[in-house]
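[1] This is the structure alone, sequence omitted:
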C-alpha cells in the first residue's frame, strides 16, 4: 500500500463535489417534480410511476454492484470503471433537455439507465476511500468528501437557480430544460481531477485478468463470501443496518420535493430555498461529524444521526408552515451528511482489506435493493390512499429498524 498523496485525496473528494450536482438537482429537487407533474401527468398514479422507475434503476445497480466491485478488485486500474460509468451518467443527464419530445416511455428508460450509471459509479468511488486515506483518517476524509459534496450541490443549485426558478410551465419551459445539460457539464468538469489523479493502490492480482475471466473469478469469490457469512457476521449486520437506513434516506431524497410541492403546497422556488439551507448547514455539519467519527467512533455519530432523521420525518408529517419547514431543513442539514459519511467510514473499517471493492459492492447490493423498496412503497401507498402523509410515515419504520440493528454492530477500536 503506497501512501496516498494530498492531491489524490482532494481529487477523490472533488468527485463528491461533482456528482452532487446530479444528486441535488436530478434526484432531490428538480427532476422528481418535473417527471411527476409534466411527464407523467401529475396524478396519484404519477407517484407510483416515479417510485417504480427509481426502484428499477436502483435494483439494476444493486445487481451489478457486487460484480462490478469484485471485478474492479482485480482490475489493473479500477478508475476506468469510474470514468465509464460517470460519462454514461453525464450523457443521460444532458439528454433530458429533449424530455418533452421523448415522452413518458423514453424519458423513463433514459432515467433508469442514467440513474443506474450514477448509482453504480458510487460503488467504485466509495471503494477508493481505502486508497486515499489511512485507517486513522478515514472518518475525516470521508467527511471532507461529503462536505464538498454539499458545497457542490449548493453551488449548482444557486448557479442554475435562474434557469429553473420560474418552473416549467408555458414559455419558461425552454429555459428550464437548459438546467439538465448545465448539470451534466458541471458534473463532467469537476470529475476531471479524479479522472486524472486518482490511483488504485491496492490490487489482488499482480497480473490483471481478462474481462470474461475476471467476471468468472468475481462470481466465484462472491459465492465463497456468502458461504462463509459467519466469518463476516459483523459486516453483514452493518450491511443490514445500512440496508434499512438507505431505504429511508433514498425515499426521502426522491420524494421530498414532490411532498413539498404537492402536500405542503410550496412553490419550486421556496423548495429550492429550503434545500439551499439544508446544504449550507450540511457542509460544516458533515465535516464536524467526520472529526467526531475519528475521535469517538462512527457508531455513536450514526446513532444520533438516525435519531435526528426520525424527529425530522415526524415533524414533516404535521404539515408544517414554511417557517417551521426552514427549521426542519436546518435539522436535516445537520444529520444528512453525518448519517452517510460515518456509515461509509465504518464499513471501510469492518471489511477485510483484500475484499475492498467486493464488500463495497455488497454494500451497494444491500443498500440499493432496500432503496428500491422505499420509493415504490411510497408511490404505492400514495396512490392507494391518496395521501402522501401516509406514504411518508412508512419511512419511520426503516429508520427505527436501522437504529435497532445498529445496536449489535461492533466497531473496531
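    Here it is on my side, so go on. Keep in mind the model is a prediction, meaning the values are calculated, not measured.

[2] Every contact and neighbour count from this point should use C-alpha atoms.
    Noted.

[3] ok now do residue 197, which residues does it touch?
    Residue 197 sits next to 7-8, 11 when contact means C-alpha atoms under 8 Å, 6 or more residues apart in numbering.

[4] Ok, residue 193 next?
    11-12, 14-15.

[5] Neighbour-wise, give me the winner out of the residues you listed.
    residue 12 (28 neighbours; other C-alpha atoms under 10 Å).

[6] Tell me if I'm right that that one and residue 194 touch.
    Yes - using C-alpha atoms under 8 Å, residue 12 is in contact with residue 194, at 5.6 Å.

[7] Could you tell me how many residues sit around residue 233?
    The burial count assigned to residue 233 is 12, neighbours taken as other C-alpha under 10 Å.

[8] do you know how far residue 176 is from residue 130?
    Applying C-alpha to C-alpha, to the nearest Å, the value for residue 176 to residue 130 is 40 Å.

[9] got it, and residue 311?
    With distances taken as C-alpha to C-alpha, residue 311 is found 33 Å from residue 130.

[10] more crowded one of these two?
    residue 130 (21 against 14).

[11] give me the number of residues near the closest residue to that one other than its chain neighbours?
    Counting by C-alpha to C-alpha, 6 or more residues apart in numbering, residue 130 lies nearest to residue 348, which is 7.0 Å off, once chain neighbours are set aside. Applying other C-alpha under 10 Å, we find 24 residues neighbouring residue 348.

[12] same deal with residue 84?
    Neighbours around residue 84, by other C-alpha under 10 Å: 12.

[13] list the contacts for it?
    Per C-alpha under 8 Å, 6+ apart, neighbours of residue 84: none.

[14] Now it: which helix or strand?
    Assessed by DSSP states H and E, residue 84 sits inside helix 79-95.

[15] got the angle for whichever helix or strand comes after that helix vs helix 79-95?
    Downstream of helix 79-95, the first helix or strand assigned by DSSP H and E is helix 99-127. Computed by axes from the mean of the first three to the mean of the last three C-alpha atoms, to 10 degrees, the angle separating helix 99-127 from helix 79-95 equals 160 degrees.

[16] Now do the buried residues in helix 99-127.
    Along helix 99-127, these residues count as buried under the neighbour rule (16 or more other C-alpha atoms under 10 Å): 99, 104, 107-108, 110-127.

[17] and residue 411, helix, strand or coil?
    Put simply, residue 411 is coil when judged by DSSP: H, G, I helix; E, B strand; the rest coil.

[18] quick one, phi psi at residue 318?
    phi -80, psi 0 (degrees, to the nearest 10).

[19] please begin residue numbering at 10 from this point
    Will do, 10 is the new start, and the previous item becomes residue 327.

[20] Surely residue 243 touches residue 419?
    Yes - using C-alpha under 8 Å as the test, residue 243 is close enough to residue 419 to be in contact (6.6 Å).

[21] So for those two, which sits in the more crowded spot?
    residue 243 (17 against 14).

[22] Just give the closest residue to that one, not the sequence neighbours.
    Per C-alpha to C-alpha, 6+ apart, closest to residue 243 is residue 418, 5.9 Å.

[23] what's around the one you found, how many residues?
    Counted with other C-alpha under 10 Å, residue 418 comes out at 18.

[24] Next, the angle from the helix or strand containing residue 167 to helix 108-136.
    Here residue 167 sits within helix 147-173, counting by DSSP H and E. Relative orientation of helix 147-173 and helix 108-136, computed by the same axes, to 10 degrees: 170 degrees.

[25] any idea which helix or strand comes after the helix or strand of the chain with the lowest mean pLDDT?
    Counting by mean pLDDT, DSSP states H and E, the weakest-scoring helix or strand in the chain turns out to be helix 220-236, with a mean of 62. The helix or strand immediately downstream of helix 220-236 is helix 242-271, counting by DSSP H and E.

[26] Output the contacting helices and strands for that next one.
    helix 40-43, helix 277-305, helix 350-359, helix 365-394, helix 397-415 (3 or more C-alpha pairs under 8 Å, 6 or more residues apart in numbering; DSSP states H and E).

[27] Could you report the pLDDT at the residue nearest to residue 139?
    Residue 357 carries a pLDDT value of 72.

[28] Not counting sequence-adjacent ones, nearest residue to residue 420?
    Spatially, and ignoring its direct neighbours in sequence, residue 420 is nearest to residue 308 (6.8 Å; C-alpha to C-alpha, 6+ apart).

[29] for the stretch 10-159 of the chain, what are the low-confidence residue spans?
    10-13, 75, 78-86, 144, 148 (pLDDT under 70).

[30] For the closest residue to residue 257 other than its chain neighbours, the count of nearby residues, please.
    Of all residues not flanking residue 257 in the chain, residue 404 sits nearest, at 5.1 Å (C-alpha to C-alpha, 6+ apart). Residues near residue 404, counting by other C-alpha under 10 Å, number 26.

[31] that older thread, ok, the contacts of residue 202 vs residue 102, which is closest?
    Closest approach to residue 102 among these (C-alpha to C-alpha): residue 24, at 16.5 Å.

[32] check which helix or strand covers the closest one.
    In the assignment (DSSP H and E), residue 24 maps to helix 15-31.

[33] Residue 64 too?
    According to DSSP H and E, residue 64 maps onto helix 53-82.

[34] for that helix, packing partners?
    Using 3+ C-alpha pairs under 8 Å, 6+ apart: helix 53-82 touches helix 108-136, helix 220-236, helix 365-394.

[35] now with 10 Å?
    helix 40-43, helix 88-104, helix 108-136, helix 220-236, helix 242-271, helix 365-394 (3 or more C-alpha pairs under 10 Å, 6 or more residues apart in numbering; DSSP states H and E).

[36] No further queries at this time; thank you.
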